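>>> only geometry, no sequence info:
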């Protein structure tokens with residue numbers, strides 16, 4: 001974390017993901033005086049001021065002294081935000097968490113090739129995020145390490161071999177929290193259908209999800225092996241899993257993630273076209 005602690009970091013956009021990263025960096029020891037956030041919304045600036053970071057609505061002023069610029073705006077405003085800043089990123093590392101924005105698009109808007117593209121996910125808000133990173137080939141090892149340190153403040157960081165893999169990361173972990181929330185919703189409703197109080201069904205479901213994830217993370221066994229270990233022949237778990245198999249739940253999950261990947265590719269193409 002030493003490299004990141006010696007940098008001035010600017011965030012263009014101060015929404016939830018930016019706030020998660022800022023909170024993580026502050027908890028790791030980055031002085032608040034080294035963070036500047038530019039956001040057009042007064043309420044967002046007020047919230048960030050409570051963290052003692054610098055705030056502004058002037059993007060040009062925000063990036064002036066920055067070593068790292070984190071792009072955290074909505075895709076639809078990316079062009080209008082970056083075009084006035086074209087050519088002003090010399091020597092700065094650009095870290096983009098903008099969904100669907102390819103490195104070529106960001107480079108076109110900024111005039112810089114020093115870009116790291118990141119697909120984060122919302123558990124970063126509680127420092128348990130999963131981030132897939134890909135860098136332009138001109139980004140050297142030291143700048144890659146710097147990007148890793150910034151993202152690691154809120155969770156797991158994994159480097160990808162190709163930029164196209166960002167779409168797969170989007171399908172697996174970017175959208176992934178919603179899949180697990182969907183499963184939780186269904187289990188809670190099932191518990192209520194079976195006679196449990198909603199609070200009881202909710203508490204049991206959430207704790208079970210937490211426990212299963214923790215077991216999978218800490219165990220030397222694969223999730224498939226863990227599943228087999230808790231499935232007794234002709235038992236209750238097997239009865240439930242047989243229903244899943246008859247409904248082809250596994251195949252449907254795989255098809256759903258393929259659909260998410262395809263949509264991620266389409267969004268990237270749409271944004272790239274709009275940049276021309």
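Arrived safely. From a predicted model like this one, the values you see are computed outputs, not experimental measurements. Numbers count the residues shown, from 1 in each chain.
>>> All the strands of the stretch 151-276 of the chain, residue numbers only.
Ranges of strands in the stretch 151-276 of the chain, per DSSP state E, counting those that start in this stretch, are 155-159.
>>> Now tell me what touches stretch 37-50 from outside.
With Cβ atoms under 8 Å, 6 or more residues apart in numbering as the contact definition, stretch 37-50 has outside contacts at 10-15, 18-19, 22, 53-59, 61-63. Heads up, the C-betas are built off the backbone N, CA and C, glycines and all.
>>> now stretch 56-65
Defining contact as Cβ under 8 Å, 6+ apart, one finds that stretch 56-65 is touched by 8, 10-12, 36-40, 45, 69, 81, 84-85, 88-89, 92.
>>> Now, those that are in strands?
For the contacts of stretch 56-65, the ones inside strands are 10, 11, 12, 36, 37, 38, 69, with DSSP state E as the criterion.
>>> So which of the residues you listed is the closest to residue 138?
The nearest member of the ones in strands among the contacts of stretch 56-65 to residue 138, counting by Cβ to Cβ, is residue 69 at 16.1 Å.
>>> dump the residue contacts of the closest one.
Contacts of residue 69 by Cβ under 8 Å, 6+ apart are 9, 10, 11, 12, 63, 89, 92, 93, 94, 95.
>>> Equivalent analysis for residue 175, please.
Residues near residue 175 by Cβ under 8 Å, 6+ apart: residue 260.
>>> Please produce a markdown table containing the contacts of residue 69, extended by pLDDT.
Shown next, in a markdown table, are the contacts of residue 69 (pLDDT from 0 to 100):
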| residue | pLDDT |
| --- | --- |
| 9 | 96 |
| 10 | 97 |
| 11 | 97 |
| 12 | 98 |
| 63 | 96 |
| 89 | 95 |
| 92 | 95 |
| 93 | 96 |
| 94 | 97 |
| 95 | 97 |
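>>> Out of those, who's the most crowded?
For the contacts of residue 69, counting by other Cβ atoms under 10 Å, the largest number of neighbours falls to residue 11: 30 neighbours.
>>> what's near enough to touch that residue?
With Cβ under 8 Å, 6+ apart as the criterion, the residues that contact residue 11 are 18, 21, 22, 35, 36, 37, 38, 62, 69, 70, 72.
>>> hmm, 10 Å instead?
Applying Cβ atoms under 10 Å, 6 or more residues apart in numbering to residue 11 gives the contacts 17-19, 21-22, 25, 35-39, 48, 53, 55, 62, 66, 68-73, 95, 97.
>>> how close does it sit to residue 154?
The span separating residue 11 from residue 154 equals 13 Å under the rule Cβ to Cβ, to the nearest Å.
>>> Could you do residue 135 as well?
Using Cβ to Cβ, we find residue 135 at a distance of 19 Å from residue 154.
>>> out of those two, which sits in the busier spot?
More neighbours surround residue 154 than the other of residue 135 and residue 154, with 27 against 23 (other Cβ under 10 Å).
>>> Centroid-nearest residue for this structure?
Among the residues of the chain, residue 120 comes closest to the average C-alpha position under Cα atoms, centre = their mean, at 1.3 Å.
>>> from what I can see it touches residue 155, true?
Yes - with contacts defined as Cβ atoms under 10 Å, residue 120 counts as touching residue 155 at a distance of 8.0 Å.
>>> where do the contact lists of the two overlap?
Any residue near both residue 120 and residue 155 by Cβ under 10 Å, 6+ apart counts here, and that gives 20, 129, 130, 131, 173.
>>> Settle this for me: the second one is touching residue 21, isn't it.
Yes - at 9.0 Å, residue 129 and residue 21 qualify as touching, with contact defined as Cβ under 10 Å.
>>> Counting neighbours, go ahead and name the busier of these two.
Summary of the neighbour comparison: residue 129 and residue 21, criterion other Cβ under 10 Å, with residue 21 having more neighbours (27 against 24).
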